[in-house]
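Chemist: fold the stuff below for me.
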Amino acid sequence: MDSLRAVRIVSSAVAGLLVAAVAAGIASAKPYVLGAEQLVSGPSALTACPFGASADFEAAFDDAEVEPQVAVDPTAPNEIVGVAQQDRWPDGGARGLTSWRSLNGGTSWAKLPDVPWSACQGGPERFGRVTDPWASYDKAGNLYFIGQPIDSAELGISAMSVTTWNGSNWRPPQLLIEDTGERFIFNDKVSITGDPTRAGHAYATWLRFTHPADGRNTPIADFHSFAFRGNPMISRTTDGGLTWSTAEPMRQSNTFFQGNQIAVAPDGTLFNVAANLFTGAVATEQTVYMSVMRSNDVGRTWSAPVKIAPIRTAQLFVPDDGFPIRAEDFLPDIAIDPRNGDIYVVWSDGLGTSINQVVMAKSTDGGRHWSGPTVVAAGGPGVQSYNHSIEVTAKGTVVLTYWDDRNNDPDDGVATTDVWLRHSHDGGQSWEPEQHLHGPFDHFDAPISFFGPGEPRGLFLGDYMGLETISGNSVINFFTSTISDGADVRSIRADHK
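Modeler: Here you go, the predicted structure:
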């Protein structure tokens, strides 16, 4: 009887575990509950500004808000701030950077005061334009907003400037670096990360292009010179943005690190992800790769770059006519699980084909080794996907958003584009069915980015889109979509229990 009773007890326990596991599986399979789409941006106040014109382009795209980013206050999760370029110029940069705030978790938004980034916003006249906005909170709720003031598309002057929120207004921006274009030097692609593990700490990083030959050689000679490099730069604050360290390279080497972005692990380790596009000005599969560097001393020193995977990104284009799209392709996004430190990196890659799809690589040992890359966009073979963002919630849910053209008809003259959301409850081993987040919209209505007159670089809504965790399993999606006469910033909150 005792043995039989033991068998029954064990059987009952196993059955209970199975029921619990099934119940957990059913719960995890629930989709995100998508809130109402909110129009964040409004009419531009800068359209009459006389500054910023170039010899090639005298007019910007009025009311075009592009390249949005978003940040959530960890001490008050209903407070969310978003930023974007305002009035994009065809050959680069914008008249200004605009910011908005929600105090109710993304249900409604209000414009914040302008920062004097550029001449159009009351800043120095030498800064005719500004670009690359990014915002982030640290552990204590200090809010940082960074941008890249420039003189024009020629980047004769390129600077990095950062401001912080004082509770009612933005403080005057502080210059982290400014180059005048002499000696063929310019700064590009800034991001900022508030430290989620240390109050008052934040890290600004960007690429600083240098070429000691001053561009005096022939273009072919310059391109193949081993002096050609793009240093990953860093400036740090430890007092909530009151002061910043002198900008310096994380690493001095003959490499070109683009799209630098820092993420912080639960134990305080810093990781900088970047696309290594050249080594010694040589572009091969061995020298063009996604990389990550690690710092164990709050960004003072950094490891050598670890290769995540080769980058084999193809050209983004509209299937209708092959017109180029300038969007987030090889530029990476990084997220770290706040529970166990697992690291996720996503980018858009052709994987040896002519069609880019969003791929993901993962590390479970502090960035030393990586799995992947594997395709995580769900559009299927032949469907182009890009503008990827990834986050990991406080409960460990991996959330991914991206754009694709699966619904495009190549014969209708409309560049049909949709935005999608996917999530995983097992670290990316499997994914729940994707959800339609926004669209369809016509990408042909986007502002066009040009190299110069008659040289289109592509349809441009931004090299980045915003995605941020709120609390629990909730996230805020912050993105740009086209309208008939421009581009607007929109938000959608997504909740999951």
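Chemist: stretch 490-497: which residues count as buried?
Modeler: 490, 491, 492, 493, 494, 496 (16 or more other Cβ atoms under 10 Å). All C-beta atoms are positioned from the backbone trio N, CA, C, and that covers glycine.
Chemist: and which of those residues is nearest residue 334?
Modeler: Among the buried residues of stretch 490-497, residue 494 lies closest to residue 334 (Cβ to Cβ), at 20.2 Å.
Chemist: so which helix or strand takes in the closest one?
Modeler: In this structure, residue 494 is located in strand 486-495 according to DSSP states H and E.
Chemist: what's that strand packed up against?
Modeler: In terms of contacts (3 or more Cβ pairs under 8 Å, 6 or more residues apart in numbering; DSSP states H and E), strand 486-495 is packed against strand 33-34, strand 38-39, strand 65-72, strand 80-88, strand 435-442, strand 475-483.
Chemist: what separates the first one from the chain centre, distance-wise?
Modeler: Centre-to-centre, strand 33-34 and its host chain are 23 Å apart (Cα atoms, centre = their mean, to the nearest Å).
Chemist: tell me which residues are up against that strand.
Modeler: Contacts with strand 33-34, where a contact means Cβ atoms under 8 Å, 6 or more residues apart in numbering, come from 421, 435, 437, 492, 493, 494, 495, 496.
Chemist: can we see that at 10 Å?
Modeler: For strand 33-34, contacts defined as Cβ atoms under 10 Å, 6 or more residues apart in numbering pick out 421, 435-438, 474, 477, 492-497.
Chemist: can you give me the helices in the stretch 151-300 of the chain?
Modeler: Assigned by DSSP state H, counting those that start in this stretch, the stretch 151-300 of the chain shows helices spanning 219-224.
Chemist: for residue 99, identify the helix or strand it belongs to.
Modeler: Residue-wise, residue 99 maps onto strand 94-102 under DSSP H and E.
Chemist: next helix or strand past that strand?
Modeler: The C-terminal neighbour of strand 94-102 among helices and strands, as given by DSSP H and E, is strand 110-111.
Chemist: what helices or strands is that next one leaning on?
Modeler: Applying 3 or more Cβ pairs under 10 Å, 6 or more residues apart in numbering; DSSP states H and E, one finds that strand 110-111 makes contact with strand 94-102.
Chemist: relative orientation of the strand it packs on and strand 486-495 in degrees?
Modeler: Angle, strand 94-102 to strand 486-495, by axes from the mean of the first three to the mean of the last three Cα atoms, to 10 degrees: 30 degrees.
Chemist: and the angle for strand 94-102 with strand 475-483?
Modeler: Going by the same axes, to 10 degrees, strand 94-102 is angled at 140 degrees with respect to strand 475-483.
Chemist: tell me the angle of strand 94-102 relative to strand 65-72?
Modeler: Relative orientation of strand 94-102 versus strand 65-72 (the same axes, to 10 degrees): 30 degrees.
Chemist: which other helices and strands contact strand 94-102?
Modeler: Partner elements for strand 94-102 (3+ Cβ pairs under 10 Å, 6+ apart): strand 65-72, strand 80-88, strand 110-111, strand 129-137, strand 143-150, strand 158-164, strand 486-495.
Chemist: which parts of it are buried?
Modeler: Buried, per 16+ other Cβ under 10 Å, within strand 94-102: 94, 95, 96, 97, 98, 99, 100, 101, 102.
Chemist: please apply the same query to stretch 350-359.
Modeler: Across stretch 350-359, burial judged by 16+ other Cβ under 10 Å covers 350, 351, 355, 356, 357, 358, 359.
Chemist: send me that stretch as CSV with only the CA atoms.
Modeler: What follows is stretch 350-359, C-alpha atoms only, in CSV (Å, rounded to 0.1, in the frame of the first residue of the first chain):
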residue,chain,number,x,y,z
GLY,A,350,21.5,39.3,-47.1
LEU,A,351,23.4,36.2,-45.8
GLY,A,352,24.9,35.8,-49.2
THR,A,353,21.8,36.7,-51.2
SER,A,354,20.5,39.9,-52.7
ILE,A,355,17.6,40.2,-50.3
ASN,A,356,18.1,41.7,-46.8
GLN,A,357,16.3,40.1,-43.9
VAL,A,358,16.4,40.9,-40.2
VAL,A,359,18.8,38.5,-38.4
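Chemist: and stretch 180-194, what's buried?
Modeler: Neighbour-count burial for stretch 180-194 [16+ other Cβ under 10 Å]: 184, 185, 186, 187, 188, 189, 190, 191, 192, 193, 194.
Chemist: so the last one sits against residue 144, correct?
Modeler: Which is residue 194. Yes: in this structure, residue 194 is within contact of residue 144 by Cβ atoms under 10 Å, at 5.7 Å.
Chemist: got any residues that touch both of those two?
Modeler: Taking Cβ under 10 Å, 6+ apart as the contact rule, the neighbours common to residue 194 and residue 144 are 71, 135, 136, 137, 138, 202, 203, 237, 240, 241.
Chemist: show me which pair in those residues is furthest apart.
Modeler: 71 and 237 (15.6 Å).
Chemist: check contacts around the closest residue to residue 97 other than its chain neighbours.
Modeler: Nearest residue to residue 97 in three dimensions, chain neighbours excluded: residue 133, at 4.5 Å (Cβ to Cβ, 6 or more residues apart in numbering). Taking Cβ under 10 Å, 6+ apart, we find residue 133 in contact with 66-69, 82-86, 94, 96-99, 115, 117, 145-148, 190-192, 462, 464.
Chemist: and the contacts of stretch 50-58?
Modeler: If you take Cβ under 10 Å, 6+ apart as the criterion, stretch 50-58 is touched by 46, 59-60, 87, 89-96, 118-121, 123, 125-130, 150-154, 450-455.
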